[in-house]
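> my questions are about this predicted structure, shown below with the sequence.
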Amino acid sequence: MNKKKLYLGVYGCQMNVADGERMAGELASLGYERLPETAAPDEADMILLVTCCVRETAEDKIYGKLGEYKHLKEKSPRLILGITGCMAQKEGDALIKRAPHLDFVLGTNKIAELVPLVERLEKAREALDSVNEADAEAMSEARKAIRRQRVVDTAEKNDISEGLAIAREGSLSAWVPIMYGCNNFCTYCIVPYVRGRERSRRVGDILTEVQEAVGNGYKEITLLGQNVNSFGKDLQGEEKATFAQLLSEADKVPGLLRLRYMTSHPKDMSDEVIKAVADGEHICEHFHLPVQYGSDKILKAMNRVYTTGKYRELIRRVREAVPDSSLTTDLIVGFPGETEEDFRELLDFIKEIRYDQAYTFIYSKRSGTPAAEMENQVPEEIKHARLNELMELQNKISLEINEKLVGTLQEVMVEGPSSKNPSVWTGRTRTNKICLWTHGTELPGQLINVKVTQAQTWLLRGEIV
Ligand code: SAH
Ligand code: SF4
Ligand code: F3S
């Protein structure tokens, strides 16, 4: 078969990375080979963007990319340019209006439709085979015929497509989606509108995928969902399962070295899950529990359902059950109605909980969500100032926590040479901290023990023992 080149531009969260791997897998059946993300898109026969719309900046980036690709479409009429993912789902037709050079807009749950769609688009391009390129009029007709085949398909579809081919990136870590969608409707968040309601995959399908990935040499598996703690609630009869059960089952897959998962909503984090992590052999001692904010007033307005008190209590149980675990979070500053007093409360909460790391975001108004309609939107410059102050505090805490690790032994999974210095290798601790050491003879995928000698905000340095 004729090899064709696919440039996949993936934005947003790991769910998009996992979706992109399935798209690449499916398109391989039509002869498409994925170019590395560093390749120039003008080498491609097809450019496919897997997009995010969680914040306005994410969407701006995509519009920028679409602008860049316009001249490529003009230059090569055969090029297929498609957009999928969350922004495609959200914007639909509006994308075609803004970027008429797009060939297709495909919603988030439509990966199974990709192959037949691309086949149709390729067929339409056959009109070009018989056209003399110098004949401007004939070329223009052929281009029109191609444009008539444009497709926008964002109709809702709530079932799960199993059995899709997967072309995984990397060779050590594999992403395995366990559920799709979200039912939580946090008032700031667009995800439930673009990813639909929660749907869990069957445990058997998930375990098969984990086994296959491990059989193909992947050492680390990350189970993915917007809210993994509510996994299984929608499964019926004999298929009923909990996330804790799934974790324990996946932990037993022979050959697996590390098991991770994300994301956990604090309101659904059960003692069974904590126990599964504590008892698990390969389940890593890292808890990502996005608190989003540290005051009850704002948490309520965000519809996060828990209070600071409940969250504090959860963290106490987590740390009691898994003492050397790391804890990370997501935080949003500038939510509507946030006062200076609320913000001080947040800072105090951060000082109290002491996260290993926090992913900090400026609130971004998403139209269609309840928070977008709320009064007292916070001015941009205040949001930025608060973000900076928050990051400064968090960086100080991250460094202090890492400094306490100097002198300890950490199990590190070897990844490979660091980007800056090939004799310095990189890997991650079980607690998900990046670790650097001087390379000896160890190989990627091996577990080694590293004695930490130096701490930085974002990473540890050490020596192999
Ligand atoms: N389902 C996951 C992650 C969803 S999106 C969870 O609930 O944790 C990842 C993060 O983006 C969220 O945790 C939140 O901190 C942030 N986020 C979501 N919507 C946002 C918005 N409108 N503005 C700024 N940050 C947002
Ligand atoms: Fe968005 Fe909240 Fe769902 Fe996470 S839990 S995806 S923040 S609505
Ligand atoms: Fe973005 Fe969609 Fe993920 S909006 S964060 S890519 S679920």
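Everything's here; your move. Ligands and ions are numbered 1, 2, ... in the order given.

> show me the strands in the stretch 301-450 of the chain, by range?
With strands called from DSSP state E, counting those that start in this stretch, the stretch 301-450 of the chain shows them at 326-333, 357-362, 409-417, 424-429, 434-438, 447-455.

> would JSON lines of those with distance to A28, mean pLDDT and mean neighbour count be doable?
All C-beta atoms are positioned from the backbone trio N, CA, C, and that covers glycine. JSON lines is the format used below for the strands of the stretch 301-450 of the chain (distance: least, C-beta to C-beta, whole Å; pLDDT from 0 to 100; neighbours: other C-beta atoms under 10 Å):
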{"stretch": "strand 326-333", "distance to A28": "34", "mean pLDDT": "98", "mean neighbour count": "21"}
{"stretch": "strand 357-362", "distance to A28": "33", "mean pLDDT": "98", "mean neighbour count": "18"}
{"stretch": "strand 409-417", "distance to A28": "25", "mean pLDDT": "98", "mean neighbour count": "18"}
{"stretch": "strand 424-429", "distance to A28": "29", "mean pLDDT": "98", "mean neighbour count": "21"}
{"stretch": "strand 434-438", "distance to A28": "32", "mean pLDDT": "98", "mean neighbour count": "19"}
{"stretch": "strand 447-455", "distance to A28": "32", "mean pLDDT": "98", "mean neighbour count": "17"}
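
> what about the nearest residue to E389 once chain neighbours are set aside, how many residues nearby?
In this structure, E389 finds its nearest non-sequential neighbour in L347, 7.3 Å apart by C-beta to C-beta, 6 or more residues apart in numbering. Residues contacting L347 under the criterion other C-beta atoms under 10 Å number 15.

> residues contacting L347?
If you count contacts by C-beta atoms under 8 Å, 6 or more residues apart in numbering, L347 has them with G294, E389, L390, L393.

> from E91, how far out is it?
Separation of L347 from E91 (C-beta to C-beta, to the nearest Å) stands at 36 Å.

> domain-wise, how is the chain divided?
If you go by automatic domain parsing, the domain ranges for the chain are 4-153, 409-464.

> which stretch among the ones you listed comes nearest ligand 3?
domain 4-153 (2.7 Å; C-beta to the nearest ligand atom).

> that closest one near ligand 2 anywhere?
No: judged by C-beta under 6 Å from any ligand atom, domain 4-153 and ligand 2 are separated, with a smallest distance of 7.9 Å.

> do that domain and ligand 3 meet at all?
Yes: against ligand 3, domain 4-153 shows contacts by C-beta under 6 Å from any ligand atom at G12, C13, M15, N16, C52, C53, V54, G85, C86.

> in a markdown table: the strands of the stretch 301-450 of the chain, plus distance to ligand 1.
As requested, these are exported to a markdown table (distance: least, C-beta to the nearest ligand atom, whole Å):
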| stretch | distance to ligand 1 |
| --- | --- |
| strand 326-333 | 3 |
| strand 357-362 | 4 |
| strand 409-417 | 24 |
| strand 424-429 | 20 |
| strand 434-438 | 20 |
| strand 447-455 | 26 |
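
> so which of these comes closest to G280?
Of all the strands of the stretch 301-450 of the chain, it is strand 409-417 that lies closest to G280, at 14.1 Å by C-beta to C-beta.

> name the helices or strands packed onto that closest one?
Where contact means 3 or more C-beta pairs under 8 Å, 6 or more residues apart in numbering; DSSP states H and E, strand 409-417 is packed against strand 424-429, strand 434-438, strand 447-455.

> tabulate those (a markdown table), appending distance to ligand 2.
Output for the helices and strands packed on strand 409-417, formatted as a markdown table (distance: least, C-beta to the nearest ligand atom, whole Å):
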| stretch | distance to ligand 2 |
| --- | --- |
| strand 424-429 | 24 |
| strand 434-438 | 25 |
| strand 447-455 | 31 |
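
> those strands into JSON lines, with extra columns for distance to Y69?
Output for those, formatted as JSON lines (distance: least, C-beta to C-beta, whole Å):
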{"stretch": "strand 424-429", "distance to Y69": "33"}
{"stretch": "strand 434-438", "distance to Y69": "33"}
{"stretch": "strand 447-455", "distance to Y69": "43"}
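
> and of those strands, who's closest to G215?
Across these, G215 has its closest neighbour in strand 447-455 (18.9 Å, C-beta to C-beta).

> just the pLDDT at the residue lying farthest from the centre of the chain, thanks.
Within the chain, D135 marks the point farthest from the mean C-alpha position, 46.7 Å out by C-alpha atoms, centre = their mean. For D135, the pLDDT comes out at 87.

> that one and E141, how far apart?
In terms of C-beta to C-beta, D135 sits 9 Å off from E141.

> and K310, by the same measure?
K310 sits 65 Å away from E141, going by C-beta to C-beta.

> kindly report the same for G25.
Remark: distance between G25 and E141 (C-beta to C-beta) = 36 Å.

> and these two? which has more neighbours close in?
More neighbours surround G25 than the other of G25 and E141, with 16 against 13 (other C-beta under 10 Å).

> quick one, phi/psi of that one?
Phi and psi for G25, reported as degrees, to the nearest 10, are phi -60, psi -50.

> who's in contact with stretch 18-31?
By C-beta under 8 Å, 6+ apart, stretch 18-31 touches 1-4, 6, 8, 10, 32, 34, 46, 48, 50, 84-85, 108, 111-112, 114-115, 118-119, 122, 164-169, 175-177, 224.

> now the one residue in the stretch 251-400 of the chain that gets nearest to ligand 2: closest residue in space, sequence neighbours ignored.
In the stretch 251-400 of the chain, no residue comes nearer to ligand 2 than H265, which is 5.1 Å away by C-beta to the nearest ligand atom. Leaving aside its sequence neighbours, H265 sits nearest to N227 (C-beta to C-beta, 6+ apart; 4.5 Å).

> residue contacts, the one you found?
N227 touches M179, C182, N183, N184, E198, T263, S264, H265, D268, counting by C-beta under 8 Å, 6+ apart.

> and the longest helix seen in the chain, how far out from the chain middle?
Counting residues, the longest helix found in the chain (DSSP state H) is helix 380-403. Put simply, helix 380-403 sits 23 Å off its chain's centre (C-alpha atoms, centre = their mean, to the nearest Å).

> send the alpha carbons of that helix over as PDB?
Extracted in PDB, the C-alpha atoms of helix 380-403 (Å, rounded to 0.1, in the frame of the first residue of the first chain):
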ATOM      1  CA  GLU A 380      -7.500  40.300  34.200                       C
ATOM      2  CA  GLU A 381      -4.700  42.100  36.000                       C
ATOM      3  CA  ILE A 382      -5.900  40.900  39.400                       C
ATOM      4  CA  LYS A 383      -6.100  37.300  38.200                       C
ATOM      5  CA  HIS A 384      -2.600  37.500  36.900                       C
ATOM      6  CA  ALA A 385      -1.200  39.000  40.100                       C
ATOM      7  CA  ARG A 386      -3.000  36.300  42.200                       C
ATOM      8  CA  LEU A 387      -1.600  33.600  39.900                       C
ATOM      9  CA  ASN A 388       1.900  34.900  40.400                       C
ATOM     10  CA  GLU A 389       1.600  35.100  44.100                       C
ATOM     11  CA  LEU A 390       0.100  31.600  44.300                       C
ATOM     12  CA  MET A 391       2.800  30.100  42.100                       C
ATOM     13  CA  GLU A 392       5.500  31.700  44.200                       C
ATOM     14  CA  LEU A 393       4.100  30.200  47.300                       C
ATOM     15  CA  GLN A 394       3.700  26.800  45.700                       C
ATOM     16  CA  ASN A 395       7.200  26.800  44.300                       C
ATOM     17  CA  LYS A 396       8.600  27.500  47.700                       C
ATOM     18  CA  ILE A 397       6.600  24.600  49.200                       C
ATOM     19  CA  SER A 398       7.600  22.200  46.400                       C
ATOM     20  CA  LEU A 399      11.200  23.000  46.900                       C
ATOM     21  CA  GLU A 400      11.000  22.500  50.700                       C
ATOM     22  CA  ILE A 401       9.300  19.200  50.200                       C
ATOM     23  CA  ASN A 402      11.900  18.000  47.700                       C
ATOM     24  CA  GLU A 403      14.700  19.200  50.000                       C
END
